[in-house]
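K.L.:
below are the sequence and a predicted model; questions follow.
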Amino acid sequence: MKRIRYYIFLRDVAWLSIAAFGGPQVHIALFIDMFVKKRGYLKEKEFLELNALCQILPGPTSTQTIVALGFKIGGPSLAYLTLLIWSLPAMIIMTVLGITISYFHHQSFSLDFLRFVQPLAVGLVCYAAYRITRMVVNTKTGVVLLIVSAACAYTFKSPFVFPVVVVVGGMVTALRKFKHQPKEQPEPLKIEWANFLLYLGVMLIVGLGILVVGINNTPLWVRLFENFYRNGSFIFGGGQVLIPVLFTEFVEFKAYLSEQEFLSGFGLAQCVPGPVFSFVSFIGALSMREAGAGVGGEIWGAFIAAAGIFLPGTFLIFFVIRFWEQLKKFRIVKASLEGIHAASSGLVIAAALLLLTPVVTGAHNYLNMTLVVAAFLILTFTKVKPPWIILCGLLAGFIF
């Protein structure tokens, strides 16, 4: 019976991996319909609490939620299979897109057919900043944290600023507001450290290895794994928060991609089902072209990027889920959420500003600004989904 139950669960995950468009908010609604209402694996309250846990932890929220559900149903083995099946279709599509863009680059083909996709993608980020801010920032403290985090992220264009901003934001509200949380009698924590030590060990071994060998002597794919593993360890708030971090590190800081390639890839990622974090496969493939390893190296780069971004959150959810029932009763944990979400919202606003600047100051700036505003207004006042906006932009690029 267990095998049949596991098979049905994985079959449902496979279906969602090719049918779940629209990002984590839409994903969670689909998960509730499939796994709570249709299959009855959990009650809705239990599922929402599981999703709240994933929001506390760094990493891709919807991916962690479905992996955590797999863990509760069948343990680590089923959870790892869930992660693979859920993320693989999107990873393959983004890898193919990355290799295609790389081929165009080497052949000096024009990417002008993507020119409308780029400002539309910026419009999507602007809308995400607006929507997330409205959802999670509703206090004066939250507003201040949002403004400070956005200013820091926009001013100090370094990948090391982002985790500091998020951690400080969580500490501010944890220390200031934990007394305002309702009291519950927490049970003593029974912690199994194996998965946390695995998470920390991978980070330290790779990071220290690069320091010992030297950055210039370390293979590019190892450095990429470290980059994405570090980013996956400190990203709170889902795929939209990931964008400013990736743009700063891989476009402005390391110049592995051009602004045009990054924005085009991000726009195309909106048309792909499954986790938004699969965008990293596109970045990994393009980053490896400088190593001269050909298509095989680019595929390897895409895989390494995906492994780096997904593994930290997976290790951490395996670690925390075992004592979540006790942890969620601590007031300081609940209070930290406000600061984490406010700081993360500030990062998305910074992303919108960082991405908007080159789009509206370059060629065709009036047309680009019009497209940015149009995408924002369409998403705000209609029910048109992001994939249709991007596909229309892609079609217009081919026509004109």
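P.N.:
Cool, got the structure. Numbering: from 1, shown residues only.
K.L.:
show me where the stretch 201-350 of the chain has helices.
P.N.:
220-234, 239-246, 259-269, 279-287, 294-320, 324-327, 331-361 (DSSP state H, counting those that start in this stretch).
K.L.:
as CSV, those with mean neighbour count would be great.
P.N.:
C-beta coordinates here come from the backbone N, C-alpha and C atoms, glycine included. Shown next, in CSV, are those (neighbours: other CB atoms under 10 Å):
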stretch, mean neighbour count
helix 220-234, 22
helix 239-246, 25
helix 259-269, 24
helix 279-287, 30
helix 294-320, 22
helix 324-327, 15
helix 331-361, 23
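K.L.:
of those, which is nearest L88?
P.N.:
helix 294-320 (9.0 Å; CB to CB).
K.L.:
tell me which of the helices of the stretch 201-350 of the chain sits nearest to A174.
P.N.:
Of all the helices of the stretch 201-350 of the chain, it is helix 331-361 that lies closest to A174, at 3.8 Å by CB to CB.
K.L.:
what helices or strands is the helix or strand following that closest one leaning on?
P.N.:
Downstream of helix 331-361, the next assigned helix or strand under DSSP states H and E is helix 365-381. With contacts taken as 3 or more CB pairs under 8 Å, 6 or more residues apart in numbering; DSSP states H and E, helix 365-381 sits against helix 117-136, helix 331-361, helix 386-399.
K.L.:
spatially nearest residue to S102 (excluding sequence neighbours)?
P.N.:
R289 (4.8 Å; CB to CB, 6 or more residues apart in numbering).
K.L.:
let me know the pLDDT of the one you found.
P.N.:
If you check R289, the pLDDT there is 84.
K.L.:
what residues are up against it?
P.N.:
S102, H105, H106, G297, E298 (CB atoms under 8 Å, 6 or more residues apart in numbering).
K.L.:
what's the farthest-apart pair in those residues?
P.N.:
So, the contacts of R289 by CB to CB: farthest apart are H105 and G297, at 14.5 Å.
K.L.:
does anything pack onto the longest helix seen in the chain? Which helices or strands?
P.N.:
The longest helix of the chain (DSSP state H) is helix 61-106. Applying 3+ CB pairs under 8 Å, 6+ apart, we find helix 61-106 packed against helix 2-19, helix 24-31, helix 44-56, helix 259-269, helix 279-287, helix 294-320.
K.L.:
how far does that helix sit from the chain's center?
P.N.:
Offset of helix 61-106 from its chain centre (CA atoms, centre = their mean, to the nearest Å): 12 Å.
K.L.:
including pLDDT and distance to L356, could the contacts of R289 go into CSV?
P.N.:
Shown next, in CSV, are these (pLDDT from 0 to 100; distance: CB to CB, whole Å):
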residue, pLDDT, distance to L356
S102, 86, 26
H105, 76, 24
H106, 76, 30
G297, 92, 33
E298, 93, 29
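K.L.:
any chance of these in JSON lines, with distance to S336 too?
P.N.:
Output for the contacts of R289, formatted as JSON lines (distance: CB to CB, whole Å):
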{"residue": "S102", "distance to S336": "41"}
{"residue": "H105", "distance to S336": "43"}
{"residue": "H106", "distance to S336": "47"}
{"residue": "G297", "distance to S336": "41"}
{"residue": "E298", "distance to S336": "39"}
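K.L.:
wait, which of these is closest to K329?
P.N.:
Nearest to K329 among the contacts of R289, with distances taken as CB to CB, is E298, at 47.3 Å.
K.L.:
thought the closest one was touching S102?
P.N.:
Yes - applying CB atoms under 8 Å as the test, E298 and S102 come out as touching, 6.0 Å apart.
K.L.:
show me the common contact partners of those two, please.
P.N.:
A285, L286, R289.
K.L.:
the first one contacts G98, correct?
P.N.:
Yes - contact between A285 and G98 holds when scored by CB under 8 Å: they sit 3.1 Å apart.
K.L.:
tell me, what's touching these two both at once?
P.N.:
Common neighbours of A285 and G98 (CB under 8 Å, 6+ apart) are E298, A302.
K.L.:
roughly how far apart are the nearest residue to A350 once chain neighbours are set aside and T248?
P.N.:
In this structure, A350 finds its nearest non-sequential neighbour in A153, 3.6 Å apart by CB to CB, 6+ apart. Noted for A153: a distance of 8 Å to T248, by CB to CB, to the nearest Å.
K.L.:
same question for I304.
P.N.:
For I304 relative to T248 (CB to CB), the value is 20 Å.
K.L.:
also L220?
P.N.:
Taking CB to CB, one finds L220 at 19 Å from T248.
K.L.:
cool, W300 as well?
P.N.:
On the measure of CB to CB, W300 and T248 end up 24 Å apart.
K.L.:
ok, back up a step: dump the helices and strands packed on helix 365-381 into CSV; add mean pLDDT and distance to M203 as well.
P.N.:
Listed next are those as CSV, based on pLDDT from 0 to 100; distance: least, CB to CB, whole Å:
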stretch, mean pLDDT, distance to M203
helix 117-136, 79, 27
helix 331-361, 78, 20
helix 386-399, 86, 33
